[in-house]
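A.B. asks: need a structure here:
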Amino acid sequence: MMGINMENKNNNPPKTPPKIQLDSDLSSGAFFVTDSDTIQLDALKPPPRTDSANSANGNTQRINSIKSEKATHSVNATNSANPGGATQTKPKPKNPNNKSEPGLKKIEELRKKQAYKRKMRRRKEHIRTFSHIFGSLILVVFIVTAAALLSQFIVRAFLDFTGISNENEFSVFVEIPPDSTADEIAEILSSEDVRIISMPGLFSFYARVTKKDEDFLNGLFRLNSTMSYSQIISTLKTNPSSNETVTVKIIEGMTAREIADLLEENEVCRAEDFLNFYKEKMNVYEFEKRVIENPLKFNQMEGYLFPDTHEFFVVGGLKENPDFDTTKHAERAALTIYSHMNSQLPPITYKKIGEMGLNLDQFMTIASMVQREAADIEDMRMVAAVFLNRIRNADTFPRMESDVTEKYANENILPFRNEGNAILIDSMIEAYNSYISLGLPPGPVCNPGMNAITAVLDAPELTKYRTLYYFCSEIETGKMYFAETLAQHHQNEIAAGLRNSNGELIYR
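C.D. replies: Numbers count the residues shown, from 1 in each chain. Down below sits the predicted model:
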């Protein structure tokens with residue numbers, strides 16, 4: 001801007017105008033008027049035009065000048081704040097990650113706590129979810145298992161109720177004692193010897209619900225495994241097969257043929273009908289499963305007719321009617337005897353037999369030979385030891401050389417020889433004669449008692465008899481002699497009266 005002279009329109013003498021000075025503070029951009037006689041506006045005038053180079057240089061100089069002034073102001077400010085003139089280092093900006101400061105520590109701790117709470121909350125949610133899933137699975141498994149068990153129970157109950165639960169059809173004679181209750185009868189029918197039903201509790205419940213749990217008769221009844229509960233109860237309330245009983249004592253060492261004749265004498269059944277049942281297995285009891293069928297065995301069940309005192313029902317009029325069919329009565333008698341045999345062979349006995357390296361047939365064959373050779377228990381143990389020692393040393397003693405085996409073949413097998421079976425019978429006789437055949441006979445030669453069975457079980461533990469390989473006995477007294485060598489055995493035979501003084505064998 002520039003100064004302007006005002007014209008005096010009234011021709012008054014012009015007053016001298018005051019001098020106004022306009023100063024400018026470039027650093028602050030403020031303008032103010034002073035009482036100067038003149039107005040100075042030079043500071044407001046734009047710089048004179050120059051070429052581009054001069055303009056750039058001028059701009060650079062002004063920028064440098066401004067920076068220099070700012071630096072000077074900063075130094076002055078610092079000096080004023082620090083009058084001593086000591087040099088003060090410019091403070092570093094605060095690091096927001098610097099955890100040494102109390103405020104930041106609290107924030108960091110709070111952040112960690114919140115993160116831990118979130119983590120624990122998620123963990124609890126996971127655990128709760130897993131618990132729900134696991135609980136649901138347990139519930140599902142429980143329901144499925146319960147349903148399966150219930151359905152299995154229903155099916156089993158239905159099969160037992162209708163009489164079709166048994167895999168194989170069979171008949172059995174059942175003895176019902178006087179004044180038996182429904183519960184007692186149910187236990188009898190489900191016992192190991194009968195096995196007509198498998199759910200005695202259900203049978204008792206049915207009898208009570210149908211009001212048929214009273215008025216049962218006593219006696220011997222023939223029941224079939226396919227009978228329903230209703231049919232069984234009806235049978236047990238009708239006339240039994242027989243009420244009269246007889247006591248028969250089977251002696252140790254008897255053969256099956258001798259036992260059959262004894263049963264016929266006591267009117268239990270015809271001997272021939274009984275022979276048909278011990279010639280073949282009935283497959284009712286556990287021990288029968290272990291009996292090995294051998295074509296050279298004369299009677300498959302010889303040795304398993306347990307000697308004991310048995311009670312049988314009498315077939316009335318058998319002597320007056322010798323042709324009367326007693327097949328069912330013979331079956332009943334055989335089952336009674338087999339039941340006693342099965343009870344004498346617990347699992348521990350089978351285990352010991354296996355430890356001896358024998359099967360059941362071999363064991364019972366040795367027991368039958370011991371039964372016929374010796375009379376008292378100690379002699380039985382020693383005879384059993386001789387047979388077992390020979391079996392262990394088969395290379396030196398390949399044959400048992402027992403008189404009772406030859407006698408059995410001649411007395412029980414030879415009488416049945418005819419033209420039609422001559423070859424088979426001759427093979428059997430040779431197999432049973434332990435002076436000819438190697439090892440043990442095909443099967444037992446009699447039905448041994450418990451003393452003989454126990455003696456064979458005890459023999460392996462009697463080490464003092466481990467060296468015995470020979471024995472003989474006096475004909476009249478039964479006194480027994482045992483020897484380790486053949487020479488000693490010959491001397492014993494002379495002492496027993498089996499050889500003369502010249503060493504010739506008189507009796508074998």
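A.B. asks: alpha carbons only for contacts and neighbour counts from here, please
C.D. replies: Fine.
A.B. asks: so how far is the longest helix anywhere in the chain from its chain's centroid?
C.D. replies: Ranked by number of residues, the top helix in the chain under DSSP state H is helix 102-162. Offset of helix 102-162 from its chain centre (CA atoms, centre = their mean, to the nearest Å): 28 Å.
A.B. asks: dump the residue contacts of the nearest residue to Thr309 once chain neighbours are set aside.
C.D. replies: Closest residue to Thr309 apart from its sequence neighbours, by CA to CA, 6 or more residues apart in numbering: Lys249 at 4.2 Å. Contacts for Lys249 (CA atoms under 8 Å, 6 or more residues apart in numbering) come out as 307-310.
A.B. asks: Kindly indicate which of those lies nearest Glu265.
C.D. replies: The nearest member of the contacts of Lys249 to Glu265, counting by CA to CA, is His310 at 14.4 Å.
A.B. asks: where does the closest residue to the closest one other than its chain neighbours land in three-state SS?
C.D. replies: Spatially, and ignoring its direct neighbours in sequence, His310 is nearest to Val248 (5.3 Å; CA to CA, 6+ apart). With DSSP: H, G, I helix; E, B strand; the rest coil as the basis, Val248 sits in strand.
A.B. asks: wait, doesn't Val248 sit right on Thr309?
C.D. replies: Yes: the pair Val248 / Thr309 is scored as a contact, 5.7 Å apart, by CA atoms under 8 Å.
A.B. asks: So for those two, which residue has more residues nearby?
C.D. replies: Each of Val248 and Thr309 has its neighbours counted (other CA atoms under 10 Å); Val248 has more, 17 against 13.
A.B. asks: May I have the secondary structure class of Phe173?
C.D. replies: At Phe173 the chain is in strand, as set by three-state DSSP.
A.B. asks: again, but for Tyr304
C.D. replies: Classified using three-state DSSP, Tyr304 is coil.
A.B. asks: could you point out where the stretch 401-508 of the chain is predicted with low confidence?
C.D. replies: The model of the stretch 401-508 of the chain has pLDDT under 70 over residues 508.
A.B. asks: Burial check on Ala394, number of neighbours?
C.D. replies: 14.
A.B. asks: mind listing what the closest residue in space to it that isn't next to it in sequence touches?
C.D. replies: Spatial nearest neighbour of Ala394, excluding adjacent residues (CA to CA, 6+ apart): Gly439 at 7.7 Å. Gly439 sits next to 391, 394, 398-400 when contact means CA under 8 Å, 6+ apart.
A.B. asks: out of these, which is most surrounded?
C.D. replies: Result: Met400 is most packed of the contacts of Gly439 (other CA under 10 Å), 26 neighbours.
A.B. asks: Can you pull the phi/psi pair for that one?
C.D. replies: Main-chain dihedrals, Met400, degrees, to the nearest 10: phi -80, psi -30.
A.B. asks: my read: it touches Arg390, true?
C.D. replies: Yes: with contact defined as CA under 8 Å, Met400 reaches Arg390; the gap is 6.9 Å.
A.B. asks: Kindly provide the distance from Thr235 to Tyr229.
C.D. replies: Taking CA to CA, to the nearest Å as the measure, Thr235 falls 10 Å from Tyr229.
A.B. asks: These two: which has the busier surroundings?
C.D. replies: Neighbour comparison, Thr235 and Tyr229: the larger count goes to Tyr229, with 20 against 17 (by other CA under 10 Å).
A.B. asks: what sits against the more buried one?
C.D. replies: 161-163, 203, 206.
A.B. asks: Tabulate those residues (JSON lines), appending distance to Ile138 and neighbour count.
C.D. replies: Converted to JSON lines, these look like this (distance: CA to CA, whole Å; neighbours: other CA atoms under 10 Å):
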{"residue": "Phe161", "distance to Ile138": "34", "neighbour count": "21"}
{"residue": "Thr162", "distance to Ile138": "36", "neighbour count": "14"}
{"residue": "Gly163", "distance to Ile138": "37", "neighbour count": "22"}
{"residue": "Phe203", "distance to Ile138": "35", "neighbour count": "27"}
{"residue": "Tyr206", "distance to Ile138": "35", "neighbour count": "17"}
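A.B. asks: pLDDT check: weakest of the residues you listed?
C.D. replies: Of all the contacts of Tyr229, Gly163 carries the smallest pLDDT score, 76.
A.B. asks: Show the contacting residues for it.
C.D. replies: Neighbours of Gly163 in contact, by CA under 8 Å, 6+ apart: 197, 225-229.
A.B. asks: if we can go back for a sec, roughly how far apart are the residue nearest to Thr309 and Thr477?
C.D. replies: 25 Å.
A.B. asks: Of the contacts of Tyr229, which pair is most distant in space?
C.D. replies: Pairwise distances across the contacts of Tyr229 (CA to CA) peak at 13.8 Å, for the pair Gly163 and Tyr206.
A.B. asks: I'd like to know which of the contacts of Lys249 is nearest to Val268.
C.D. replies: Lowest distance from Val268 to these (CA to CA) belongs to His310, with 11.1 Å.
A.B. asks: surely the closest one meets Ile259?
C.D. replies: No: counting by CA under 8 Å, His310 does not reach Ile259; the two are 11.8 Å apart.
A.B. asks: Name the residue in those two with the higher neighbour count.
C.D. replies: A direct count of neighbours by other CA under 10 Å for His310 and Ile259 places Ile259 higher, at 21 against 15.
A.B. asks: what's the pLDDT at the closest residue to that one other than its chain neighbours?
C.D. replies: Closest residue to Ile259 apart from its sequence neighbours, by CA to CA, 6+ apart: Ile250 at 6.8 Å. pLDDT for Ile250: 95.
A.B. asks: If anything else comes up later, I'll come back, but that's it for now.
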